[in-house]
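Trainee: pasting the sequence and the predicted model now:
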Amino acid sequence: MLLFRYILFLCITTIYAEVHIKQQNNVQKIMHETLKRKAPPSIKIPYKKEYGDVTVNPHNFTFISQPEPCRGNETILVTAHSATQNFQRRLALRNTWANPRILQKYLPKGHQSKLIFILGLPSKSSEQTLINYEQAMYRDLVQVNFMDHYRNNTYKAIYNMKWISSYKGCPEAKLVVKVDDDVIFNLQAFSSFFKTFTHTLGDSFKLSSYFIAGNIQHNRRPFRNPASKWYLSRKDYKYDTFPMWLQGLTYFLSPRLAKEIYNLSFTTPYIFTDDIYIGIVANRVVQLKQYPLNQFYSDPFFQLAKQSLYWKSKPYVFYHSHSIEDFFRLWCLSCNSVTCAWCSKAKV
Ligand SMILES: *[C@@H]1O[C@H](CO)[C@@H](O)[C@H](O)[C@H]1NC(C)=O
Ligand SMILES: *[C@@H]1O[C@H](CO)[C@@H](O)[C@H](O)[C@H]1NC(C)=O
Ligand SMILES: *[C@@H]1O[C@H](CO)[C@@H](O)[C@H](O)[C@H]1NC(C)=O
Ligand SMILES: *[C@@H]1O[C@H](CO)[C@@H](O)[C@H](O)[C@H]1NC(C)=O
């Protein structure tokens, strides 16, 4: 009986190790192939010619609350767009993949991260009271004084860029990871992804030149149907196509680009879809390098059952969770006894 168990144990660990190694090799192979490919050229929109240095998007909000400053040795800044009422989602990120102590185990030596959330103002004062407690406890919130509403998401993105490049940001950071608060990283896959990614970026990464990387969208057209949540009138956006933009769920950029995006935001007309707006502004930067990472994003419309399968077998790194339950179930599929001993106690 004992021997049988021992053999069973050996079989299981061997299979596990093989799947794991295969997965890592997959990520590296795909990564190499992906990064060799150049992003196709984006259409150019002549904003400079059209508006010159005229301020067409005036904004002057202020940070009403800021997180604990960086310690000075953080190389990676993870910054999450969050809606004021998403207390649970912020807690989930703090306790799982985005937690600097957990993330560090999956990063190459010498890398440290910091996690911050950016939010606007809630409409209820009771919610602000809770946010004040949350800030006192975790000191990881950047709060800006505009009303938190999806129509104001572009302000959230712009002030995120401003905070990143301000003296209170993380001046030593070489990489900004912008995420939404419902994303979950498969850390095992992320670990291989990150090594290959930074290796490929090479000098761009070291010198923090202008780069952006993520799930690149091409030749997408504005929604012109007034019934759509994403409707844009010709007055809002007069061109027929968008330049290249990156899906907001997760994208990577250099702090230097963040600063330039903040600067150019004044002369780029506002549209409320924040990821498209950031794409439009980034495309105005002449020296911009774009890296498509589309293969690493799981299809957002996958149901959990399918995601579970994909989690183990495909080298997707970034997943969209449909609910907080979904988030924890996915997390507990990937973690080990150290990162989440509590998973086995929870019914997942
Ligand atoms: C922005 O607002 C502050 C006060 O909140 C004011 O001192 C500053 O001059 C304003 N800046 C601009 C460019 O309007
Ligand atoms: C980063 O800085 C903090 C505070 O100065 C220090 O406690 C920590 O050990 C440093 N981490 C590394 C990896 O150098
Ligand atoms: C966006 O924020 C501004 C400033 O707080 C506010 O006046 C406006 O109503 C907000 N927009 C929406 C759609 O809530
Ligand atoms: C943007 O940068 C240019 C040149 O570096 C500078 O002249 C300009 O004042 C900046 N604009 C803003 C709004 O910071």
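Mentor: It's in. Residues are numbered from 1 along each chain as shown. Ligands and ions are numbered 1, 2, ... in the order given.
Trainee: if you drop the residues flanking it in sequence, what lies closest to the one residue in the stretch 101-250 of the chain that gets nearest to ligand 2?
Mentor: Residue nearest to ligand 2 within the stretch 101-250 of the chain (CB to the nearest ligand atom): Q112, separated by 5.4 Å. The way it works is simple: take the backbone N, C-alpha and C, and place the C-beta from them, glycine included. Spatially, and ignoring its direct neighbours in sequence, Q112 is nearest to E74 (4.9 Å; CB to CB, 6 or more residues apart in numbering).
Trainee: can I assume that neighbour is in contact with K174?
Mentor: No: applying CB atoms under 8 Å, one finds E74 not in contact with K174, separated by 9.5 Å.
Trainee: separation between the residue of the stretch 101-250 of the chain closest to ligand 2 and N99?
Mentor: 12 Å (CB to CB, to the nearest Å).
Trainee: shared neighbours of those two, anything?
Mentor: In terms of CB atoms under 8 Å, 6 or more residues apart in numbering, Q112 and N99 are not both contacted by any residue.
Trainee: ranges for the helices of the stretch 51-200 of the chain?
Mentor: With DSSP state H, counting those that start in this stretch as the criterion, the stretch 51-200 of the chain has helices at 87-95, 100-104, 125-138, 153-165, 187-201.
Trainee: got the buried residues for the fourth one?
Mentor: When neighbours are counted by 16 or more other CB atoms under 10 Å, the buried residues of helix 153-165 are found to be 153-165.
Trainee: dump these to TSV, plus distance to ligand 3.
Mentor: Below are the buried residues of helix 153-165 laid out as TSV (distance: CB to the nearest ligand atom, whole Å):
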residue	distance to ligand 3
N153	10
T154	10
Y155	7
K156	10
A157	13
I158	12
Y159	11
N160	15
M161	17
K162	16
W163	17
I164	21
S165	22
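Trainee: ok, these vs M137, which is closest?
Mentor: Using CB to CB, W163 comes nearest to M137 of the buried residues of helix 153-165, at 20.2 Å.
Trainee: burial count for the nearest residue to the closest one once chain neighbours are set aside?
Mentor: Nearest residue to W163, sequence neighbours excluded (CB to CB, 6+ apart): V142, at 5.1 Å. Around V142 there are 25 other residues, counting by other CB atoms under 10 Å.
Trainee: which residues does V142 bridge with?
Mentor: Here V142 sits in beta bridges with I118, going by DSSP bridges.
Trainee: residues contacting it?
Mentor: Applying CB under 8 Å, 6+ apart to V142 gives the contacts F63, S65, Q66, P67, T79, I116, F117, I118, L119, Y159, N160, W163.
Trainee: also S254?
Mentor: Shown in contact with S254 (CB under 8 Å, 6+ apart): K174, L175, V176, S204, F205, S208, S209, Y210, F211, I212.
Trainee: tabulate the residues you listed (JSON lines), appending distance to Q247, pLDDT and neighbour count.
Mentor: Formatted as JSON lines, the contacts of S254 follow (distance: CB to CB, whole Å; pLDDT from 0 to 100; neighbours: other CB atoms under 10 Å):
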{"residue": "K174", "distance to Q247": "22", "pLDDT": "89", "neighbour count": "20"}
{"residue": "L175", "distance to Q247": "18", "pLDDT": "93", "neighbour count": "22"}
{"residue": "V176", "distance to Q247": "16", "pLDDT": "95", "neighbour count": "25"}
{"residue": "S204", "distance to Q247": "21", "pLDDT": "71", "neighbour count": "17"}
{"residue": "F205", "distance to Q247": "22", "pLDDT": "73", "neighbour count": "18"}
{"residue": "S208", "distance to Q247": "23", "pLDDT": "71", "neighbour count": "20"}
{"residue": "S209", "distance to Q247": "23", "pLDDT": "88", "neighbour count": "15"}
{"residue": "Y210", "distance to Q247": "20", "pLDDT": "93", "neighbour count": "20"}
{"residue": "F211", "distance to Q247": "17", "pLDDT": "93", "neighbour count": "21"}
{"residue": "I212", "distance to Q247": "12", "pLDDT": "94", "neighbour count": "27"}
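Trainee: mind checking which of the residues you listed land in helices?
Mentor: S204, F205 (DSSP state H).
Trainee: before we move on, back to that, how many neighbours does the residue nearest to Q112 have?
Mentor: E74 sits with 19 neighbouring residues when counted by other CB under 10 Å.
Trainee: roughly how far does it sit from D274?
Mentor: In terms of CB to CB, E74 sits 24 Å off from D274.
Trainee: next one: E134
Mentor: Distance of E134 to D274, given as CB to CB: 23 Å.
Trainee: who's more crowded, the two?
Mentor: When E134 is set against D274 and neighbours are counted by other CB under 10 Å, the residue ahead is D274, at 22 against 17.
Trainee: now the helices for the stretch 201-348 of the chain?
Mentor: 203-207, 255-265, 274-282, 304-313, 324-334.
Trainee: between those helices, which one is nearest to ligand 3?
Mentor: That would be helix 274-282 among these, by CB to the nearest ligand atom, at 12.7 Å.
Trainee: for the closest one, which outside residues touch it?
Mentor: With contacts defined as CB under 8 Å, 6+ apart, helix 274-282 is touched by 45, 47, 81, 153-154, 156-157, 161, 212, 217, 220, 242-248, 251, 253, 257, 261, 264-265, 268, 270-271, 288, 290.
Trainee: I am finished for the moment; much appreciated.
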